[in-house]
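Q: turn this into a structure:
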Amino acid sequence: MMTFDDDLETAIAAACEELEMMREELIRLIIREWLEQYGFLAVHELDEGSETEGNV
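A: The predicted structure follows:
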């Protein structure tokens, strides 16, 4: 398991609780979004039938 500084661990734990995600799942999401934002990974498009379509 990868460990981070105390402030990051606290933020990760709070995000996991709020988003109802497991730690590993949240870290994977954060890395994916960062890589997409900086152009290292193709942007993941939502399917037209996605439940999040139109939600802000």
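
Q: okay, Leu8: pLDDT?
A: In this prediction, Leu8 carries a pLDDT score of 98.

Q: now do the buried residues in stretch 9-19.
A: Across stretch 9-19, burial judged by 16 or more other Cβ atoms under 10 Å covers Ile12, Cys16. Heads up, the C-betas are built off the backbone N, CA and C, glycines and all.

Q: where does the prediction get shaky in this protein?
A: 44-56 (pLDDT under 70).

Q: wait, what's in contact with the nearest residue to Ile27 once chain neighbours are set aside?
A: Leaving aside its chain neighbours, Ile27 sits nearest to Ile12 (7.1 Å; criterion: Cβ to Cβ, 6 or more residues apart in numbering). Residues in contact with Ile12 (Cβ atoms under 8 Å, 6 or more residues apart in numbering) are Phe4, Arg23, Leu26, Ile27.

Q: secondary structure element for the last one?
A: Under DSSP states H and E, the secondary-structure element containing Ile27 is helix 23-37.

Q: CA atoms only for stretch 13-26, dumped as PDB, please.
A: The C-alpha atoms that make up stretch 13-26 are tabulated as PDB, following Å, rounded to 0.1, in the frame of the first residue of the first chain:
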ATOM      1  CA  ALA A  13      -9.900   9.600   3.800                       C
ATOM      2  CA  ALA A  14     -12.400  12.600   3.800                       C
ATOM      3  CA  ALA A  15     -12.900  12.200   0.000                       C
ATOM      4  CA  CYS A  16     -13.400   8.500   0.300                       C
ATOM      5  CA  GLU A  17     -16.100   9.000   2.900                       C
ATOM      6  CA  GLU A  18     -17.900  11.800   1.000                       C
ATOM      7  CA  LEU A  19     -17.700  10.000  -2.400                       C
ATOM      8  CA  GLU A  20     -18.400   6.600  -0.900                       C
ATOM      9  CA  MET A  21     -15.400   5.100  -2.600                       C
ATOM     10  CA  MET A  22     -12.600   2.800  -1.500                       C
ATOM     11  CA  ARG A  23      -9.200   4.300  -1.100                       C
ATOM     12  CA  GLU A  24      -7.600   2.400  -4.000                       C
ATOM     13  CA  GLU A  25     -10.600   3.300  -6.300                       C
ATOM     14  CA  LEU A  26     -10.300   7.000  -5.400                       C
END
